[in-house]
Structures are given as structure tokens and as C-alpha cells.
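# Sharing a model that was predicted from the sequence below.
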Amino acid sequence: MNRRDTVIAALNHKPTNAVPYHIEFTAQSLSRLIEATHDPDIEKKIDTYLHYAQYWGWPTELPDRSEHFKDEFGVVWNRSGADKDIGVVEDPQIKDLENCDYQFPQPDPERLRRDIEKLMATKEDRFTFMGFGFCMFERSWSLMGMENVLINMIVLPEELEAFFDRICDYFLRLADVALEYDLDGIYFGDDWGQQRGLIMGPANWRRFIKPRMARLYQRVKSKGKYVIQHSCGDCNEILGDLIEIGIDCYQTFQPEIYDIHEVKRKYGDRLAIWGGVSTQQVLPRLKPKEVQDEIVRVVKVLRGSGGLIIAPTHALPSDVPPENILAMAEVFQNQERFF
């Protein structure tokens, strides 16, 4: 069974000899690991079972503004502060939704095709998919500011629904291009959760987000592909909704937020989990042996009947010590010694 077959078996809730794993780096964490190991090829040597590219809104660097870039939606992102990975929005495009004349950019299908063709050419035997990040809620707040989105859920709900429909239509056009290819699935990234519960609450999520995500999921499922959904934070209130509209795999699963025994008991036969190794409490804070013990604990709870891709709960931030990354990789690559 190769890596792709192992992931597909896990997504279909079938037991596997090895638990598929994935590690994603931020530029800062990878740089620290290379410096510590003196090995510029260390990322390739760790390797993973997943292979994907992500669309976030193609960036254009601003040469006159160091550490800033503009995406094709016109949003300027500032990476000079604490968030050097994605950055923060400098000036929302939409100030007044009621009198909004914002025009969405035209999708660039040829650029997307080039990205996917490069992805397909390098997939080897891995499970391969295209990701669409800042989809729906994140795209809305990047354009008008989170406070305005949340306020408009109350004061301008019909106008906001129409705006979410425009976002959904945009991503459907991109998804249709991706679905021309022999990919294994499509990944949607959209943070809905905070540390306790949803940012907008379950009722607003069900009104504004759920119907549009259902359209996206249905397009993917109609082509026989797997649906993977990323959301940081506590989405416990809507896991059942996600299953209802067709999700296959939820990422990222943060063990400091969820009762892992209860989630496995309640959803383990219908929802595959990607994550489980905390980038908040475990990887930055514990010693290497403690990191390994925690990974073993989580895997033993979640691997039953498949349904698990073990991974850090986010791209590794810069505060994770290289020795903890190597300790985690040792478990992932030598599972027969640990599980």
C-alpha cells in the first residue's frame, strides 16, 4: 500500500498499517530547522503522505513597501509585525456594504492550471489535492474587516448574503478548473473558530456560511473527489453540519480544544481527522520525549478504524524548537517502535 492508498484508506475509515502523517513548515520554522541540522534537504527527508498547493489570492510584492504585498483582490497585507507568515490587512477595501461598488477580480484559470500541473508533475505516490484558502468568511473580513462582517450579519443580513454568494461564485469558478485534473481532493481553508466556540456563533454560521460551503462541497463530490476543510479553533458546534453537507476530513484538530475521546466516539465513523499534535501547548513547550509521548497518546485514541492523518495542528510556527520537530518526525517515520 503506497502513501496515496494509505491516506484514502484512512479517509474511508479503514485500518492501515501506518498512520499517514504530514508536517507543514512556516518559512521561519524551516529556516531554524535547517540551521540546527545543517541540512538544506531536511524537509524532503522528513517527507509526508500529502502533496498540495494552496491558492490564497496570488500576491504581488510592493517594492516600495518592505514586507508588504497586495493580493489580486486589492488587499494589502503587512508582514512586518508579529505575523510574518500571512500578515495583517492594512486597509479594508469595503467600508460600507450598503453602498458597495466593489468589483471582484477576474479569476486567472491559466495561472491556476500552471500551479496544478506543477503539483501533478511532482506528486510521486502521495495523496494530492488543491487548496483554496481565505475562502468565504476569511475573504469577507479581509475585504471589509471582521468587525464590519459581524455587524452586517445583524444590520445588513440580506446584503451580506448576496456578498457571500459572490465569494462562493468566485471560488466555484476556481474549483471547476481544479476539478479538470486527476486530483484526489479539494481543500477549503476558512477559519471559523476561536478558542471556545465559533467567532460568529452557530446560527450565523448556518445562515451565511453553511449554504455556500455546501455548494462548494457538492461541486467537489459530484466529481468523486474528497473534501477537506480547514478551520482553526473550536468548531464542535458544527461538526455535524459539516458531515451533513459532505465533508470527508476536518483539519485542524486541536487536542487542547476538543475532547478527543468524545469526538472519536461521536463522529469517528463519519469524519476523518487531520491534526492532533498541538502547536499551542505541546510542540513549543514540552521536551522532546514528552512530545513523543503526547503523539502516542493522541494516535492511540484517534487511529481506531482509520480516520486519522496525524500532524501538527498548524504550519509549524517559529517558536517550535528544532529538537521537537525532529522528535515528532522520529515518531512519524518509525511508527512500529511507538504504536
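Sure thing, it's come through. Residues are numbered from 1 along each chain as shown.
# strands paired with the worst-scoring helix or strand of the chain on mean pLDDT, and their directions?
Using mean pLDDT, DSSP states H and E, the weakest-scoring helix or strand in the chain turns out to be strand 59-61, at a mean of 80. According to DSSP bridges, strand 59-61 forms sheet pairs with strand 68-71 (antiparallel).
# With just CA atoms, put the partner strand into PDB.
Extracted in PDB, the C-alpha atoms of strand 68-71 (Å, rounded to 0.1, in the frame of the first residue of the first chain):
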ATOM      1  CA  HIS A  68       4.100  44.200   2.300                       C
ATOM      2  CA  PHE A  69       2.200  42.500  -0.600                       C
ATOM      3  CA  LYS A  70      -1.100  43.000  -2.400                       C
ATOM      4  CA  ASP A  71      -3.300  40.100  -3.400                       C
END
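# pLDDT of that strand, averaged?
What strand 68-71 shows for mean pLDDT is 89.
# What ranges does the protein have for its strands?
Per DSSP state E, the chain carries strands over the ranges 50-55, 59-61, 68-71, 76-78, 88-89, 127-132, 185-189, 226-230, 249-253, 272-277, 308-312.
# Can you give the distance from the least confident helix or strand of the chain to the centre of its chain?
Mean-position distance between strand 59-61 and its chain equals 21 Å (C-alpha atoms, centre = their mean, to the nearest Å).
# got the contact list for it?
Applying C-beta atoms under 8 Å, 6 or more residues apart in numbering, the external contacts of strand 59-61 come out as His68, Phe69, Lys70, Asp71, Glu72, Trp77. (Each C-beta comes from the backbone N, C-alpha and C, glycine too.)
# Stretch 288-307 now?
So stretch 288-307 is contacted by 9-16, 19, 255, 260-261, 264, 268-269, 271-273, 276-278, 282-283, 286, 308, 310, 323-324, 326-328, 330-332, 338-339 (C-beta under 8 Å, 6+ apart).
# now swap in stretch 25-35 and tell me
Taking C-beta under 8 Å, 6+ apart as the rule, stretch 25-35 contacts 40, 42-43, 84-85, 315-318, 320, 322, 325-326.
# which ones are touching the residue most central in space within the chain?
Taking C-alpha atoms, centre = their mean, the centroid of the chain lies closest to His230, which sits 3.6 Å from it. Listed by C-beta under 8 Å, 6+ apart, the contact set of His230 reads Gly131, Gly133, Tyr187, Phe188, Gly189, Asp190, Asp191, Gln251, Thr252.
# Just name the closest of the residues you listed to Ala36, please.
Closest approach to Ala36 among those (C-beta to C-beta): Thr252, at 24.8 Å.
# Which pLDDT value belongs to that closest one?
On the pLDDT scale, Thr252 gets 92.
# And for the one 10 residues further on?
We note a pLDDT of 96 for Glu262 in this prediction.
# How about stretch 58-74, which residues are buried there?
Within stretch 58-74, the residues that count as buried by 16 or more other C-beta atoms under 10 Å are His68, Phe69, Lys70, Asp71, Phe73, Gly74.
# again with stretch 147-161
For stretch 147-161, burial by neighbour count (16+ other C-beta under 10 Å) applies to Asn148, Val149, Leu150, Asn152, Met153, Leu156, Leu160.
# Likewise for stretch 173-181?
For stretch 173-181, by 16+ other C-beta under 10 Å, it's Leu174, Ala175, Val177, Ala178, Leu179.
# Show me those that map onto helices.
Leu174, Ala175, Val177, Ala178 (DSSP state H).
# can you list the residues you listed in a markdown table and add distance to Glu61 and pLDDT?
Below are those laid out as a markdown table (distance: C-beta to C-beta, whole Å; pLDDT from 0 to 100):
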| residue | distance to Glu61 | pLDDT |
| --- | --- | --- |
| Leu174 | 22 | 97 |
| Ala175 | 27 | 98 |
| Val177 | 25 | 98 |
| Ala178 | 25 | 98 |
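# Which one of these is nearest to Arg126?
Ala178 (16.7 Å).
# The closest one and Asp115 touch, don't they?
No. Taking contacts as C-beta atoms under 8 Å, Ala178 lies outside contact range of Asp115: 9.3 Å.
# got any residues that touch both of the two?
Joint contacts of Ala178 and Asp115 (C-beta under 8 Å, 6+ apart) are Met130.
# separation between Lys289 and Glu330?
Distance of Lys289 to Glu330, computed by C-beta to C-beta, to the nearest Å: 11 Å.
# More neighbours: these two, which one.
Shown here are Lys289 and Glu330; by other C-beta atoms under 10 Å, Glu330 has more neighbours (16 against 9).
# Give the burial count for the nearest residue to that one once chain neighbours are set aside, as a bare number.
The spatially closest residue to Glu330, leaving aside those adjacent along the chain, is Gln292, at 7.1 Å (C-beta to C-beta, 6 or more residues apart in numbering). Neighbour count for Gln292, taken as other C-beta under 10 Å: 17.
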